[in-house]
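Q: Fold the following, please.
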Amino acid sequence: MGSLHEGHLALVDAARAVSDVVVMSIFVNPLQFGPSEDFSRYPRDLPRDRTLAASRGVDAIFLPDVSVMYQPGSDTRVVPGPGADRWEGEVRPGHFTGVLTVVAKLFHLVTPDVAVFGQKDAQQAALIRRMVRDLDWPVALVVAPTTREPSGLALSSRNSYLSAEDRLQAVGLSAALRAAHEAWRGGETAGDRLVAVARRVLEVYPGVSPEYISAVEPEALAPVETVGAGCLMLVAARVGSTRLIDNIVFGEGIP
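A: Alright, predicted model coming up:
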């Protein structure tokens, strides 16, 4: 959705590693924003985005207008299954209908052989993977690791909303995930106990207000009692007025 940062550019690197030509779409999709969300103030800087994309080797940028993507009277939507009802889907009703609809349209318009998404949006990646499978889309998906600041904070366009104090608090998300992963490496496999480890770390960061923390399996992201390699821990929280998400894959952790 533009406002490019190193995380987006790492996706370009991953695409170039497996492709001859790399196309980047930049489109702030109104369909995935709720009525009280930040569509109008979502960060946009197209000249900077063009420069960064070109510097990393993007061959073409697809920049559709809202009026082109959603023509007057457009009302056909791609509706996800029940895996979209929890986590982000519960907090942001209709969000994943907007995501899958625009991704389906972009796949149709660009016809990629390979599509690269980021691990930070784990639920989005899981639902797109299921859409590709269920609708027999001839595209291979690559999910690239989350790119982080040295503090551990996951890169996000919404980080631009954080004040200096907020940023000090926001590192609590990755600290909590790291602590849970270390506990898992130490032999703890009970999902509820690993969640408790993460919650205790977040209590050290009073500026962080958690919305959910859960240990889940990797396909439908349903909660699990016993955590094995490949399971995830998801977290969403508000830091000041900014809503952030993050996750880890057990067995991979946070570098």
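
Q: show me what contacts the residue most central in space within the chain?
A: Nearest to the geometric centre of the chain sits Asp121, at 1.6 Å (C-alpha atoms, centre = their mean). Asp121 makes contact with Ile245, according to C-beta atoms under 8 Å, 6 or more residues apart in numbering. Bear in mind the C-beta positions are built from the backbone N, C-alpha and C, glycine included.

Q: So it versus Gly152, what's the distance?
A: Look at Asp121 and Gly152: by C-beta to C-beta, to the nearest Å, they are 18 Å apart.

Q: Same question for Asp75.
A: Using C-beta to C-beta, Asp75 is found at 42 Å from Gly152.

Q: all helices for the stretch 1-150 of the chain, in order.
A: For the stretch 1-150 of the chain, the helices defined by DSSP state H, counting those that start in this stretch occupy 6-18, 46-55, 66-69, 88-91, 95-110, 122-134.

Q: if I pick Val28, what's in contact with it?
A: Val28 sits next to Met1, Gly2, Phe39, Tyr42, Arg44 when contact means C-beta under 8 Å, 6+ apart.

Q: One more pass at 10 Å, please.
A: Met1, Gly2, Ser3, Phe39, Ser40, Tyr42, Pro43, Arg44, Val66, Ser157 (C-beta atoms under 10 Å, 6 or more residues apart in numbering).

Q: Then Ser157?
A: Counting by C-beta under 10 Å, 6+ apart, Ser157 touches Met1, Gly2, Ser3, Leu4, His5, Gly7, His8, Val28, Tyr42, Pro43, Arg44, Asp45.

Q: what's the pLDDT at it?
A: On the pLDDT scale, Ser157 is placed at 89.

Q: what does the average pLDDT come to for stretch 33-46?
A: For stretch 33-46, the mean pLDDT works out to 85.

Q: Report the buried residues of stretch 159-174.
A: By neighbour count on 16 or more other C-beta atoms under 10 Å, the buried set for stretch 159-174 is Asn159, Tyr161, Leu162, Asp166, Arg167, Gln169, Ala170, Val171, Gly172, Leu173, Ser174.

Q: Actually, stretch 54-74.
A: Neighbour-count burial for stretch 54-74 flags Arg56, Val58, Ile61, Pro64, Met69, Tyr70 (criterion: 16+ other C-beta under 10 Å).

Q: what would the residues you listed look like in JSON lines with distance to Thr97 and pLDDT?
A: Listed next are the buried residues of stretch 54-74 as JSON lines, based on distance: C-beta to C-beta, whole Å; pLDDT from 0 to 100:
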{"residue": "Arg56", "distance to Thr97": "31", "pLDDT": "96"}
{"residue": "Val58", "distance to Thr97": "28", "pLDDT": "98"}
{"residue": "Ile61", "distance to Thr97": "26", "pLDDT": "97"}
{"residue": "Pro64", "distance to Thr97": "19", "pLDDT": "93"}
{"residue": "Met69", "distance to Thr97": "15", "pLDDT": "93"}
{"residue": "Tyr70", "distance to Thr97": "13", "pLDDT": "95"}
